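# Next comes the sequence, and after it the predicted model I'd like to discuss.
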Amino acid sequence: MTGTGGALVTLSGVSWHFDGSPAPVLQGVDLTVAAGEVVVVLGPSGCGKTTLLRIIAGLLHPEPGTVRVAGRAPVPGQDSAIVFQGYRLLPWKTVAQNIGFALHALPAPQREARVARYLELVGLAKFAGAYPAALSGGMRQRVALARALACQPRLLLMDEPFAALDAQSRELMQMETMRLIAGAEGPAPGIVFVTHSVDEALMLADRIVLMSPRPGRIDQVLPVPFPRPRWQADPRHGPDFARLRQHLWDRLRAMVLSDPQSDFYGRG
Ligand SMILES: Nc1ncnc2c1ncn2[C@@H]1O[C@H](COP(=O)(O)OP(=O)(O)OP(=O)(O)O)[C@@H](O)[C@H]1O
């Protein structure tokens, strides 16, 4: 799962300014993501993390700057799959239909076989015919993850996917996600994962990209050295975890307290 192979994603000088907004959201972002690498983007609220994901997905075109996924400008829905915080399942479709929704290009027998395989992988085979309303938050997020993985994307974009879950479900989903990705067919996808949680970043990332507030720039990039699978040799009680955690918190606190636009300005 560490970053082997060439760059899957390359961002060069990426900036973004919403029409009518007083300041740019992103400025001069340079970033690469290797095939199979997990890059976690961490930063204060409003620093442009979701905007960055939308640019990598090809939903927004940077101005100025370039983005390449596997060597070309990204095509939405073709070069990546996205998992959102709010699941975005279709309530009128069953679990199986939701997972198969993006697989319409496959002939029916192949589509059904693939849906069955991913239902099995996320442990929801018994719920194939259920509707999202009948599922818990954790189960819905597993369906959303299965739907994304079933497309066998080379790039998986995850936008605070577990933020709405309770603490136990959140930790189980972090663990499950790493297991599912390792167990999915084909080469492991590159992952760009957005979060506010320092601990989540440290448990999931090969590298953490720490962003500064408005306009969002890369403040620093930290390699995370803990071996995988991380829930077996749990690094959370070791001194290296505590040191990295402290470093990230100190930096986040300093950036937020010195940001004149932050609600916390002047409290430091
Ligand atoms: N469509 C839009 N038009 C104008 N401004 C926008 C639009 N979408 C987002 N913004 C603003 O751009 C900034 C960055 O938004 P973005 O959602 O990318 O940040 P974020 O880091 O993901 O935020 P959070 O951590 O709170 O989810 C915010 O100030 C937001 O209010």
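On my side now, so go ahead.

# Point out where the stretch 151-268 of the chain drops to low pLDDT.
For the stretch 151-268 of the chain, the stretches flagged by pLDDT under 70 are 263-268.

# where do the strands sit along it?
Using DSSP state E, counting those that start in this stretch, the strands of the stretch 151-268 of the chain run over residues 155-159, 190-195, 207-211, 218-223.

# Measure how buried Gly183 is and give me the count.
By other C-beta atoms under 10 Å, 11 other residues sit near Gly183. (C-beta placed from N, C-alpha, C; glycine too.)

# for whichever residue of the stretch 151-268 of the chain sits closest to the ligand, phi and psi?
Using C-beta to the nearest ligand atom, His196 is the residue of the stretch 151-268 of the chain that sits closest to the ligand, at 6.0 Å. Here is the backbone geometry of His196 (degrees, to the nearest 10): phi -100, psi -10.

# Surely it and Ala163 touch.
Yes - shown here, His196 and Ala163 form a contact pair, counting by C-beta atoms under 8 Å, at 7.1 Å.

# can I assume Arg68 sits in a helix?
No - going by DSSP: H, G, I helix; E, B strand; the rest coil, the assignment for Arg68 is strand, not a helix.

# burial of it, as a residue count?
Number of residues near Arg68 (other C-beta under 10 Å) recorded here: 17.

# Write out the residues of the protein neighbouring the ligand.
Residues of the chain lying close to the ligand by C-beta under 6 Å from any ligand atom are 18, 21, 25, 43, 45-51.

# Write a ChimeraX command that selects only the buried members of those residues.
Buried residues among the residues of the chain next to the ligand (16 or more other C-beta atoms under 10 Å), as a ChimeraX selection:
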select :25,43,47,48,49,50,51
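
# can you give me how far stretch 210-225 is from the chain middle?
15 Å (C-alpha atoms, centre = their mean, to the nearest Å).

# List the contacts of that stretch.
15, 23-31, 41-44, 46-49, 51-52, 201-202, 205-209, 240, 244, 247-248, 251-252, 255-256, 259, 261-262 (C-beta atoms under 8 Å, 6 or more residues apart in numbering).

# And Val38, its phi and psi?
Per degrees, to the nearest 10, the backbone of Val38 is at phi -110, psi 110.

# what about it, neighbour count?
For Val38, the count of nearby residues is 28 (other C-beta under 10 Å).
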